[in-house]
Structure formats: C-alpha cells, structure tokens
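Colleague: just need the structure, nothing else, for what follows:
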Amino acid sequence: MTVLDNIAKQANRLATDVQMSLKRARVEGERRLLQRQHRAALEELGERAYELVRAGELPEGPIATEVAAVESKLMEIEAKVAEIDALRTEEEQAAAGDGDAPSAEEASRTAFPMVDAPASGGGPGPGWEAAEKFFGGGAPKD
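Modeller: Numbering: from 1, shown residues only. Model (predicted):
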C-alpha cells in the first residue's frame with residue numbers, strides 16, 4: 001500500500017464520520033423539536049381541561065388533585081401581585097417626599113461611615129506608614 005492510498009482511506013473514513021455526526025445531530029435536533037411540540041400540546045390540553053372543569057363541562061373528580069394544585073398556584077400568584085402592588089405604593093409614597101426619609105447623602109454616610117471619618121492620630125490612617133515604606137512614596141498631602 002502506498003502512502004497516498006493510506007491517506008485517501010483516512011480521509012474517506014473521516015468524511016464518513018463527519019457525515020454520520022451531522023446526520024446524528026440533525027436527528028437529535030428533530031427529536032428535541034418534537035419534544036417541545038409535545039410539551040406545548042400537553043400544556044394546551046391542560047389549559048383546555050382546566051377551562052372545561054371550571055365551566056362545569058368536564059367532571060372534576062379524576063383530576064381534582066391537579067385542579068386544586070393549579071388553583072393553589074393561581075392564588076399564590078395573585079398574592080404576589082398584591083404584595084408587589086403594596087411595595088410599589090410604599091415606594092411611591094416614600095419618593096413623594098416623606099419628611100422622615102433620609103437624603104441620599106445621609107443614607108450614603110450611614111452606609112459608609114468610614115469615608116468621612118477622620119483618621120485617628122491626625123495622620124492619613126492606620127497602615128499608611130507601612131504602605132509608604134513598601135511603595136517608597138512620600139507622605140500624602142491633605
């Protein structure tokens with residue numbers, strides 16, 4: 001066998017492997033699409049069944065547990081919406097100029113007191129001398 005025959009066989013094998021990989025990827029993509037379509041169809045079926053149960057056109061008995069779970073989640077969603085509305089109302093009232101609310105500057109000072117606090121000993125702060133020695137710089141000017 002010549003070197004060229006060997007290279008040709010390897011190239012042919014590689015091309016076949018690539019074609020198989022592409023075919024497998026295409027089929028896998030089709031399978032995933034079908035799964036998404038199946039889930040969407042089940043969701044639509046569930047929504048329609050729920051509507052029919054609520055309308056009294058379908059007996060609730062066999063799926064009472066599932067219907068109760070759906071209603072429970074709907075009540076939780078409604079409670080969260082009410083909570084969000086209440087929080088939004090509180091925020092709007094606070095933004096409207098509550099006299100008790102601290103200004104942004106006061107809130108910043110409360111959150112970060114170390115920014116405005118004078119350093120003890122009159123110098124720039126603890127550890128500054130070590131930093132000066134390390135970096136070889138002069139003393140900071142205030």
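
Colleague: only C-alpha atoms from now on, for both contacts and neighbour counts.
Modeller: Fine.

Colleague: can you check which helix is longest in this protein?
Modeller: helix 3-55 (DSSP state H).

Colleague: that one - what's its average pLDDT?
Modeller: For helix 3-55, the mean pLDDT works out to 94.

Colleague: may I see the buried residues of the following helix or strand past that helix?
Modeller: Following helix 3-55 in sequence order, the next helix or strand is helix 64-95 (DSSP states H and E). Of all the residues in helix 64-95, those buried under the rule 16 or more other CA atoms under 10 Å are V67.

Colleague: packing partners of helix 64-95?
Modeller: On a contact count with 3 or more CA pairs under 8 Å, 6 or more residues apart in numbering; DSSP states H and E, helix 64-95 meets no helix or strand.

Colleague: I'd like the next helix or strand past that helix.
Modeller: helix 104-111.

Colleague: quick one: that next one to chain centroid distance?
Modeller: In terms of CA atoms, centre = their mean, to the nearest Å, the centre of helix 104-111 is found 29 Å from the chain centre.

Colleague: buried stuff in it?
Modeller: So helix 104-111, judged by 16+ other CA under 10 Å, has zero buried residues.

Colleague: pLDDT averaged over it, what's the number?
Modeller: 74.

Colleague: ok so, going back, packing partners for the longest helix of the chain?
Modeller: Packed next to helix 3-55, using 3+ CA pairs under 8 Å, 6+ apart, is no helix or strand.

Colleague: if we go to 10 Å?
Modeller: helix 64-95 (3 or more CA pairs under 10 Å, 6 or more residues apart in numbering; DSSP states H and E).

Colleague: the longest helix of the chain vs helix 64-95, what angle?
Modeller: 90 degrees (axes from the mean of the first three to the mean of the last three CA atoms, to 10 degrees).

Colleague: chain center to helix 3-55: distance?
Modeller: 27 Å.

Colleague: same check, this time on stretch 76-92
Modeller: On CA atoms, centre = their mean, the centre of stretch 76-92 falls 21 Å from the chain's centre.
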